[in-house]
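[1] Structure of the sequence below:
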Amino acid sequence: MIPERHVDTFRDVNEFPAEEAKRMLEFVGETARVAGLEDYKVVVNVGPGAGQTIFHLHWHVLGGRIRGLA
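    Just a heads-up that it's a prediction; the model follows:
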């Protein structure tokens, strides 16, 4: 998921007003719920060393079983 307003990375999230940042996080949770995900992981890669290749803040919502867990 990508916010409408551009910032390069999660490091820049402080550029969003608090209410807008809250709405973005609520949107992530609501999107997972609508997709039928009860258990999921939210991932944000921050910087090239962490695997960030797209320099626009975005979230990965990963659902399904986590290997090694029942």
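[2] mind checking how far residue 53 is from residue 45?
    8 Å (CB to CB, to the nearest Å). For glycine as for every other residue, the C-beta is placed from the backbone atoms N, C-alpha and C.
[3] got it, and residue 18?
    From residue 18 to residue 45 the distance is 24 Å (CB to CB).
[4] So which of those two has more stuff around it?
    residue 45 (16 against 8; other CB atoms under 10 Å).
[5] does the residue lying closest to that one once chain neighbours are set aside count as helix, strand or coil?
    Nearest non-adjacent residue to residue 45, counting by CB to CB, 6 or more residues apart in numbering: residue 52, 4.0 Å away. At residue 52 the chain is in coil, as set by DSSP: H, G, I helix; E, B strand; the rest coil.
[6] OK, contacts around the residue most central in space within the chain?
    By CA atoms, centre = their mean, the mean C-alpha position of the chain lies nearest to residue 59, the distance being 2.3 Å. Taking CB atoms under 8 Å, 6 or more residues apart in numbering, we find residue 59 in contact with 1, 28, 42-44.
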